[in-house]
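K.L.:
Output the structure for:
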Amino acid sequence: MGAMGVAEELYGRVLDAVAGTPYRMVRTERGFDLTVDVHEPRRTDKLWTYRVELRAEEKVFTLTDVVRTVEYGPGGVRKRTETSVGRSLYKVRYRAADGTECSFSSADGHRLIRGIAEGLGWQEQRPASVTGALWAGVAGGAVALGVLIALAVAYLLGMF
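P.N.:
Residues are numbered from 1 along each chain as shown. Predicted coordinates for the structure are as follows:
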């Protein structure tokens, strides 16, 4: 099976898995987007997109969350809109006005995509935005540790 065939198989399996669910799939130039609307009881809506980019020749995929959040004020007036890109973990559970229980967990979409991809022999690679954030966190931690060590040395030497 050629590179296009393995990409089509992955796309088709995810498409079959989300049939009859609130998830929507759209092909993109580099793979596909899996999107779901997340409504919250406190006047906030999220459009959650799992962006999957494929390198079919290598059977490698990246998974990036693109989350568009819209907050509404009194009277349904749009107050604020923001978009975040990277890797997000988010969970919400509430009871709707009609009494039905509603819930969303971003981990469910991650597990769905990863499970199907890995079952077909694909390997996940972190997107650049996630790798950059990881390195920024490591660098910030190293600076904080250095400051704490310097303060401890200064204290021990009686400089304070």
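K.L.:
alpha carbons only for contacts and neighbour counts from here, please
P.N.:
Will do.
K.L.:
Which stretches in this protein count as helices?
P.N.:
For the chain, the helices defined by DSSP state H cover 3-18, 106-119, 128-156.
K.L.:
Report the beta-bridge partners for the residue positioned nearest the centre of the chain.
P.N.:
The residue lying closest to the centre of the chain (CA atoms, centre = their mean) is Asp65, at 2.9 Å. Counting by DSSP bridges, Asp65 is bridged to Tyr50, Gly86.
K.L.:
Quick check, it in contact with Thr49.
P.N.:
Yes. Between Asp65 and Thr49 there is a contact under CA atoms under 8 Å: 5.8 Å.
K.L.:
so what's Gly76 up against?
P.N.:
By CA atoms under 8 Å, 6 or more residues apart in numbering, the residues touching Gly76 are Arg43.
K.L.:
Going by neighbour count, which residues of stretch 58-71 are buried?
P.N.:
59-71 (16 or more other CA atoms under 10 Å).
K.L.:
same question but for stretch 111-126, I mixed them up
P.N.:
By 16+ other CA under 10 Å, the buried positions in stretch 111-126 come out as 113-114, 116-117, 122, 124.
K.L.:
cool, stretch 9-20 as well?
P.N.:
Buried-residue list, stretch 9-20, by 16+ other CA under 10 Å: 10-11, 14-15.
K.L.:
Kindly report the same for stretch 88-102.
P.N.:
Ser88.
K.L.:
And the contacts of it?
P.N.:
Residues from elsewhere that reach stretch 88-102 (CA under 8 Å, 6+ apart): 40-41, 65, 103-107.
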